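Participant: With the input below, show me the fold.
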Amino acid sequence: MDDIGRNVRVTLQPTPTKQLESYEVFATPMTAADLPKLHELSIGVGWPHRPEDWALAIELGEGIVARDEIGRVVGSAMWFPLGDAFAAIGMVITSPRLQELGAGSWLMGHILGRVAERGKVLNATRAAYRLYISLGFMPLSPVHQHNGVVGALPAGPRHARVMHPQDAAAIHALDSVAMGAPRPALIDRLLQMSTGTVVERGGAVTGFALCRKFGRGHVVGPVVAESEEDAIALIAPHAEALEGQFLRMDTRQPEGPLRDFLVASGIRHYDTVTRMGLGAVPQAPGPALTFGLVNQAFG
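Facilitator: You can find the predicted model right below:
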């Protein structure tokens, strides 16, 4: 990445250095060397990300860090490409002492300048919602975080099968349709680190779910299917294999059979954030739809 602060195309016109009352911070490109301090930062605000989760984000995205005068990392922000036309923004964190001093706006100014004309989507916590509204983002839909220790699964559809290596091309195609944009590098990487299930009809894969280690345990996502029934069938083998362990799923699905299944399995509703967009946003034409996110940063 070139020097932070060049070619900024947003109203904020951020500078590489910002004075926050008597506290000066500096914006620098994010690198893998920042991983330990970024992990400390996320722990400080209660996020569950492991160093491995940060490493995946750094591998697949582009970011900046805010450092204080003695080199401590006190803020972060990242973006991830969704094809050539869109971007997902995430991992936006400021240390608690700086949250009320404009650090979030300053970091976002840098990221919006880097993303430039791409359409932008993000998932906003309650604490960050007003910031994103002030930057022109519009609310799109709620995202419901479910997590918990998996118990005995209720009765439900069980027509998914184990993913095979030859399913990879179909999984890429389904994710692009359901996301409304391609993200081949992300899906390739997830296929390397996940177990998977698929639904197949007439010899064609019509849905899939990937499950991997994340945060306090595991996460199921993405989950792409043509119906809630198929989504449940895709999730069930992962939940069954993880009985007694912590499992998370983030979904835009409203109350109904899928979320009832999660709750009955011990994967209870924990929090709600808001999916927001600025400019054009990806559109999913169907019939394949996203029932479970990769995580809140990637979408």
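Participant: hey, let's count contacts and neighbours off CA atoms from now on
Facilitator: Will do.
Participant: could you point out which element follows the helix or strand bottoming out on mean pLDDT in the chain?
Facilitator: In the chain, no helix or strand scores lower on mean pLDDT, DSSP states H and E than strand 17-20, which sits at a mean of 58. Taking DSSP states H and E as the definition, the helix or strand that follows strand 17-20 towards the C-terminus is strand 23-29.
Participant: just checking, Val115 touches Trp79?
Facilitator: Yes - if you go by C-alpha atoms under 8 Å, Val115 and Trp79 touch, sitting 7.5 Å apart.
Participant: Neighbour count: the two, which is higher?
Facilitator: Taking other C-alpha atoms under 10 Å, Val115 and Trp79 do not tie; Trp79 has more neighbours (27 against 22).
Participant: Quick check: beta-bridge partners of the closest residue to that one other than its chain neighbours?
Facilitator: Nearest in space to Trp79, with sequence neighbours left out and distances taken as C-alpha to C-alpha, 6 or more residues apart in numbering, is Ile89 at 4.3 Å. Note on Ile89: beta-bridge partners by DSSP bridges are Trp79, Leu122.
Participant: Need the overlap of contacts for Val115 and Trp79.
Facilitator: Common contacts of Val115 and Trp79, defined by C-alpha atoms under 8 Å, 6 or more residues apart in numbering, comprise Ala87.
Participant: Kindly provide the distance from the residue nearest to Trp79 to Leu153.
Facilitator: 34 Å (C-alpha to C-alpha, to the nearest Å).
Participant: cool, Pro51 as well?
Facilitator: For Pro51, the distance to Leu153 - C-alpha to C-alpha - is 31 Å.
Participant: again, but for Gly286
Facilitator: 29 Å.
Participant: Please give the per-domain residue ranges for the protein, including any split domains.
Facilitator: According to automatic domain parsing, the chain comprises the domains 17-117, 144-292.
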